[in-house]
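In: Provided below for reference: sequence and predicted model.
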Amino acid sequence: MASKEYRNIQAAENREQIEAHIRSILRLIGEDADREGLLETPARVARMYEEIFSGYVADYHEVLGVLFDENHEELVIVKDIDYFSQCEHHMVPFMGKVHIGYVPSGKVAGLSKFARLVEAVSKKLQLQERMTTEISGVIMDVLAPKGVMVVVTGQHLCMCGRGVKKSGAVTVTSATRGEFRHNYALRNEFMALIQS
Ligand SMILES: Nc1nc2c(ncn2[C@@H]2O[C@H](COP(=O)(O)OP(=O)(O)OP(=O)(O)O)[C@@H](O)[C@H]2O)c(=O)[nH]1
Ligand SMILES: [Zn+2]
């Protein structure tokens, strides 16, 4: 693992290069990159990229943190977790909510850690389907629960102001693992509770 100092130098170099590229893009789209309103824009975009693409440095498996031994073997749901991700086809945002349900098997994670996992997984170029699969996969790997179900809703800006221009369209994706695969009563309980 690279030292913190090395990572800071690397990050500063990356920011400088991104700034230069954004300046070129401004010119290529027909802007005057030297006009006053745009002078700071390349640096702002570079800083913003660090934030919205911070998922590339996150170790998903560490995000769930310390687990607690607990004999709760019923459904646990953390719902309505906001996310803001970037579509890998157009590099414009898509956003919505993530709902996570799992049935523990002796271990539970801190509730905030599920929201941290959503943050980590969404902060990179993504597909909604892959994000849904990755969230369920990490929870299965780390907590080894009896089952997990993840539902994600998303509004894709690449379908709003451009292309097909359907700003009301919402995409819903789901992933089921373990008991949720065949236990329809459990799925229905999860769906009823996330809609309540
Ligand atoms: N499956 C999936 N598709 C996505 C996601 N985000 C964006 N897309 C789609 O990716 C597709 C890319 O299609 P292309 O035909 O290569 O690109 P395009 O010509 O810009 O397509 P239009 O958006 O239809 O104008 C589009 O249909 C988008 O709606 C996502 O998270 N999952
Ligand atoms: Zn897109």
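Out: Perfect, I can see it now. Residues are numbered from 1 along each chain as shown. Ligands and ions are numbered 1, 2, ... in the order given.
In: how about the residues of the chain that lie near ligand 1?
Out: By the rule Cβ under 6 Å from any ligand atom, the part of the chain lying against ligand 1 is 87, 89, 127-129, 156, 158-159, 163-164. (Glycine included, C-beta is placed from N, CA and C.)
In: try 8 Å
Out: Within reach of ligand 1 by Cβ under 8 Å from any ligand atom, the chain has these residues: 87-90, 94, 126-131, 154, 156, 158-159, 162-164, 171.
In: Now intersect these with the strands, please.
Out: Counted as lying in strands by DSSP state E, out of these, are 87, 94, 126, 154, 156, 171.
In: Identify the farthest-apart pair in those.
Out: Gln126 and Thr171 (12.3 Å; Cβ to Cβ).
In: where do the contact lists of the two overlap?
Out: Phe94 (Cβ atoms under 8 Å, 6 or more residues apart in numbering).
In: the more surrounded of those two?
Out: Per other Cβ atoms under 10 Å, whichever of Gln126 and Thr171 has more neighbours is Gln126, with 20 against 14.
In: right, and that one touches His89 too?
Out: No: using Cβ atoms under 8 Å, Gln126 is not in contact with His89; the gap is 10.3 Å.
In: which residue does this structure bring closest to ligand 1?
Out: Gly163 (3.1 Å; Cβ to the nearest ligand atom).
In: And that residue, what's its pLDDT?
Out: Predicted confidence (pLDDT) for Gly163: 92.
In: Can you get me a residue count around it?
Out: Counted with other Cβ under 10 Å, Gly163 comes out at 12.
In: any idea whether Phe84 is helix, strand or coil?
Out: Three-state assignment for Phe84 (DSSP: H, G, I helix; E, B strand; the rest coil): strand.
In: Pairing-wise in the sheet, spell out the partners of it.
Out: Taking DSSP bridges as the rule, Phe84 bridges to Met95.
In: Many thanks, we can stop here.
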